[in-house]
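Chemist: structure of the sequence below:
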Amino acid sequence: MEKEIEIQAAVFRRLLRHLDSRKDVQNIELMNLAGFCRNCFSKWTVAEAEKLGVTVDIDQAREQVYGMPYNEWKEKHQLPATEEQLAKFNQLNSK
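Modeler: Predicted coordinates for the structure are as follows:
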């Protein structure tokens, strides 16, 4: 079991590195295609930590996921969502 957890942690770190290398892929695109985004990872981190009795601040979790403070990442890499992206997002999330 210990090796399984190590492997899963390594895969998660690899996924974060991959997302970091694809800053051009916007969160709304991830949400529309996969149903989750970088922010979801942050929220899941906080939720899973709580289950283990550990307090993790959402800003700390976001910095872990984004590799920098969230506001800085947004300023540098987040583009405004297009009308089409927003429409698809709203359609998918109204069900």
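Chemist: which helix runs longest in this structure?
Modeler: When the chain is parsed with DSSP state H, its longest helix is helix 2-21.
Chemist: and the closest residue to Tyr70 other than its chain neighbours, what's its pLDDT?
Modeler: Once flanking residues are discounted, Tyr70 sits nearest to Arg62: 4.2 Å by Cβ to Cβ, 6 or more residues apart in numbering. (C-beta placed from N, C-alpha, C; glycine too.) Confidence at Arg62, expressed as pLDDT, is 98.
Chemist: chain center to the helix or strand hosting Arg62, what's the gap?
Modeler: Assigned by DSSP states H and E, Arg62 belongs to helix 58-66. Distance of helix 58-66 from its chain centroid, counting by Cα atoms, centre = their mean, to the nearest Å, is 9 Å.
Chemist: next, the angle helix 2-21 makes with it.
Modeler: Here helix 58-66 runs at an angle of 80 degrees relative to helix 2-21 (axes from the mean of the first three to the mean of the last three Cα atoms, to 10 degrees).
Chemist: packing partners for helix 58-66?
Modeler: Counting contacts by 3 or more Cβ pairs under 8 Å, 6 or more residues apart in numbering; DSSP states H and E, helix 58-66 is packed against helix 2-21, helix 38-51, helix 70-77.
Chemist: flag every buried residue along that helix.
Modeler: Using 16 or more other Cβ atoms under 10 Å as the test for burial, helix 58-66 gives 61-63, 65-66.
Chemist: number of nearby residues for Glu29?
Modeler: For Glu29, the tally of surrounding residues (other Cβ atoms under 10 Å) stands at 17.
Chemist: and the longest helix of the chain, what does it pack against?
Modeler: By 3+ Cβ pairs under 8 Å, 6+ apart, helix 2-21 packs against helix 58-66.
Chemist: does the closest residue to Asn32 other than its chain neighbours belong to a helix, a strand or coil?
Modeler: Spatial nearest neighbour of Asn32, chain neighbours left out: Lys88 (4.9 Å); criterion: Cβ to Cβ, 6+ apart. When classified by DSSP: H, G, I helix; E, B strand; the rest coil, Lys88 comes out as helix.
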